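[1] structure for the following, please:
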Amino acid sequence: MNKTVLGLLVVISIFGLISCENTAGPTGLGISELSDGTLAKKNSGGGSKPACSAVGTSIGFNQAGDNTYDISEYTLWAGQQYDAGTVTITNDDENIYVNFYTNGTADLEEVHVYVWTNPDDIPSKRPAPGQADYFVEDIDADSYTLVIPANIDCGDTYYISTHVALDNEGSNDDDDDCDHDGNDGNDGDCDCDDDDCDHDGNDDDNDSNHNNGGETAYAGDSASPECFGSKRGAWWGYVTYNVDCFYNIAGTVYEDLDNSSDMDVDEIGYSDITVSLNDVFGTTITTTMTNADGSYLFESIPSGYDYSVDIEVGPVGTTATENAAGFVIYDLWGNNTDLDFGFYTPVVNPPDFCEITSHTLWVNSDEVGGNVTVSNSERYLLLEYTASSGSYFDEIRVDVLLEAPGERGDLTLYTYNSLNDKGFEGTPASYVVDIKISSLTNVCDQSFYVLAYALVDGEVAYAGPSSSWATSNIGEWFYYISSGVCCPDPIAQ
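    All right, here's what the predicted structure looks like:
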């Protein structure tokens, strides 16, 4: 008789240990941070095989100061295979934010988080949740955000393990039961095989409304349940979070009236021009149309990659000046907001010339290298360069002055520079330089002076009236053309 009673007590005791709910009591609220501000690097643990790794899905970005950061989403897997909600991770310049959200099948009771910055530091066995460097207990809510201080740089990678203890939704019920009907009562038909609670009686272990109260959960991806299920002992996992920053790429497509390859205050933009953003292989990622003022914007572009920005078709009848070949951005690392494209309308047979003069183009002060014809219309001062037969131009520069020059000056500061002119291609034998008259202050009906410089077959040349310069001054010699501009009334601006 005594042996029979003892046997029943043992059976009852063993049955009391079998439950679908973890009923251990809460131990308080706390967040532990490492004293030196670094992230977790603990390597202790026991009883399990290596963790299941997972990669999140980018669901957007989060503005923070001048930078924009990615938000990655993971599934919160309870009991190895039940979807209990989501975990999202994002960051700003100073913190990592781990956001826990349940889907109504349980409440958050405790969260324990490990963070590693080096994959070699990830332990080969599950670290003890109670030793996590970041933890919160007694939550009893369906959402919580854990803030982890860190020194954030774009391109960083973090490995984050999230141990979550779940409780019955809206209840601190400590009964050893499985609730199937939502009444927090013991339904009496709990099926605890394979660590699950079956609600529809089909024993398929895959009920969409599974009560996850009492379960352990980890963040993972769609492949995690299979990996978790292959574990024996203490299953666990970690997720990989990449810090991807996002930046803006912007600029203006404008009418380059003075053909200067630079947008001036009086120049306006072109609307409805298609601008394309391409990847490193030249494949178009996205396109946008310019606004009424000619501006365009590609917003929140992932950093760390190479891009190009192009305009395939410019305004009708125009020639590209600034950045005709487009922009190439290497390793995007910050906002690029001044990628401008200039276009101007070439002057074709300009009417109503006020004055036309022709001047010899002298090479090395005493050799004829061609000629330069100077004229002006209502809008433009025109210099037509023509090289001698068999010669060509490597470079052309023009400086327009209101007073006679005492020296030839800095070539880089000249009014026109063919190095900035996208229409000047190769080594032409002739070329027309257009300079907008309204950009030349107070030149109407008065004398002006032109330094018409060129490299002819690689040799320095100036247009001028004679070849009388002494060879002893060849290092500093220059010519200028003295002429005048007539301005019809009214002058076209």
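[2] could you use CA atoms for every contact and neighbour count after this?
    OK.
[3] the domain parsing of the chain - what is it?
    With automatic domain parsing as the criterion, the domains of the chain are listed as 25-174+186-242, 246-344, 356-485.
[4] first-to-last residue distance for the second one?
    If I follow you right, that is domain 246-344. 34 Å (Cα to Cα, to the nearest Å).
[5] run a quick neighbour tally on residue 284.
    Summarising burial for residue 284: neighbours were counted as other Cα atoms under 10 Å, giving 15.
[6] identify the bridge partners of it.
    residue 278 (DSSP bridges).
[7] got it, and residue 148?
    Beta-bridge pairing of residue 148, defined through DSSP bridges, involves residue 96.
[8] OK, contacts around it?
    For residue 148, the contacting residues are 95, 96, 97, 98, 134, by Cα atoms under 8 Å, 6 or more residues apart in numbering.
[9] turn the residues you listed into JSON lines, including neighbour count.
    Rendered in JSON lines, the data for the contacts of residue 148 read as follows (neighbours: other Cα atoms under 10 Å):
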{"residue": "95", "neighbour count": "15"}
{"residue": "96", "neighbour count": "22"}
{"residue": "97", "neighbour count": "17"}
{"residue": "98", "neighbour count": "19"}
{"residue": "134", "neighbour count": "23"}
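[10] widest-spaced pair of the residues you listed?
    Pairwise distances across the contacts of residue 148 (Cα to Cα) peak at 12.9 Å, for the pair 95 and 134.
[11] just the terminal-to-terminal distance for stretch 290-305.
    Counting by Cα to Cα, the length from the leading to the trailing residue of stretch 290-305 is 24 Å.
[12] could you look up the SS state of residue 412?
    The assignment at residue 412 comes out as helix when based on DSSP: H, G, I helix; E, B strand; the rest coil.
[13] how near is it to residue 418?
    Using Cα to Cα, residue 412 is found at 10 Å from residue 418.
[14] ok, those two, which is more surrounded?
    residue 418 (17 against 11).
[15] how much space between the more buried one and residue 482?
    Separation of residue 418 from residue 482 (Cα to Cα): 22 Å.
[16] what do you get for residue 383?
    The gap separating residue 383 from residue 482 is 13 Å, by Cα to Cα.
[17] with residue 312 instead?
    When Cα to Cα is the yardstick, residue 312 and residue 482 sit 42 Å from each other.
[18] show me what counts as buried in stretch 269-288.
    Residues 269, 270, 271, 272, 273, 274, 275, 276, 277, 278, 279, 287 are the ones in stretch 269-288 that count as buried (16 or more other Cα atoms under 10 Å).
[19] among those, which two are most distant?
    Of all pairs drawn from the buried residues of stretch 269-288, the one with the largest separation by Cα to Cα is 269 and 279; the distance is 25.9 Å.
[20] could you dump the buried residues of stretch 269-288 into TSV and include secondary structure and distance to residue 374?
    Formatted as TSV, the entries for the buried residues of stretch 269-288 read as follows, by DSSP: H, G, I helix; E, B strand; the rest coil; distance: Cα to Cα, whole Å:
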residue	secondary structure	distance to residue 374
269	strand	30
270	coil	31
271	coil	35
272	coil	37
273	coil	35
274	strand	37
275	strand	37
276	strand	40
277	strand	42
278	strand	43
279	coil	46
287	strand	43
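[21] who has more neighbours out of residue 312 and residue 482?
    residue 482 (16 against 12).
[22] chain neighbours aside, what residue packs nearest to that one?
    residue 449 (4.8 Å; Cα to Cα, 6 or more residues apart in numbering).
[23] now the element after the helix or strand of the chain with the lowest mean pLDDT, going C-ward?
    Between all helices and strands in the chain, the lowest mean by mean pLDDT, DSSP states H and E belongs to helix 2-17, at a mean of 34. Note on helix 2-17: by DSSP states H and E, the next helix or strand toward the C-terminus is strand 52-55.
[24] the next helix or strand after that next one - contacts with which helices or strands?
    Secondary structure here is assigned by DSSP H and E; on that basis, the next helix or strand after strand 52-55 toward the C-terminus is strand 57-64. With contacts defined as 3 or more Cα pairs under 8 Å, 6 or more residues apart in numbering; DSSP states H and E, the packing partners of strand 57-64 are strand 67-78.
[25] can you give the distance of the strand it packs on from its chain's centre?
    Strand 67-78 has its C-alpha centroid displaced from the chain centroid by 18 Å (Cα atoms, centre = their mean, to the nearest Å).
[26] what sits against the closest residue in space to residue 417 that isn't next to it in sequence?
    Using Cα to Cα, 6+ apart and skipping residues adjacent in sequence, the residue nearest residue 417 is residue 397, 4.6 Å away. Applying Cα under 8 Å, 6+ apart to residue 397 gives the contacts 411, 414, 415, 416, 417, 418, 452, 453, 454.
[27] residue 397 should be in a strand, yeah?
    Yes. According to three-state DSSP, the state of residue 397 is that of a strand.
[28] residue numbering should commence at 53 henceforth.
    That works, and once the first residue is 53, the last one we named lands at residue 449.
[29] can you read off the pLDDT for it?
    According to the per-residue confidence, residue 449 scores 96 in pLDDT.
[30] tell me what it is bridged to.
    Beta-bridge partners recorded for residue 449 (DSSP bridges): residue 469, residue 505.
[31] would JSON lines of the contacts of residue 449 with distance to residue 175 be doable?
    Written out in JSON lines, the entries for the contacts of residue 449 read as follows (distance: Cα to Cα, whole Å):
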{"residue": "463", "distance to residue 175": "66"}
{"residue": "466", "distance to residue 175": "67"}
{"residue": "467", "distance to residue 175": "67"}
{"residue": "468", "distance to residue 175": "66"}
{"residue": "469", "distance to residue 175": "64"}
{"residue": "470", "distance to residue 175": "63"}
{"residue": "504", "distance to residue 175": "74"}
{"residue": "505", "distance to residue 175": "72"}
{"residue": "506", "distance to residue 175": "71"}
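[32] looking at neighbours, which among the residues you listed is most surrounded?
    Note: the member of those with the most neighbours is residue 505, at 28 neighbours, neighbours being other Cα under 10 Å.
[33] what residues are up against that residue?
    With contacts defined as Cα under 8 Å, 6+ apart, residue 505 is in contact with 448, 449, 450, 512, 513, 514, 515.
[34] can we see that at 7 Å?
    Taking Cα atoms under 7 Å, 6 or more residues apart in numbering, we find residue 505 in contact with 448, 449, 450, 513, 514, 515.
[35] just the helices in the protein please.
    In the chain, the helices defined using DSSP state H lie at 54-69, 276-281.
[36] how about the CA coordinates for the last one, as PDB?
    Listed next in PDB are the C-alpha coordinates belonging to helix 276-281 (Å, rounded to 0.1, in the frame of the first residue of the first chain):
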ATOM      1  CA  SER A 276      14.500  30.300 -38.800                       C
ATOM      2  CA  PRO A 277      11.700  27.800 -37.700                       C
ATOM      3  CA  GLU A 278      13.400  25.000 -39.700                       C
ATOM      4  CA  CYS A 279      16.700  25.800 -38.100                       C
ATOM      5  CA  PHE A 280      15.200  26.200 -34.600                       C
ATOM      6  CA  GLY A 281      13.500  22.800 -35.000                       C
END
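[37] having no further points to raise, I will conclude here.
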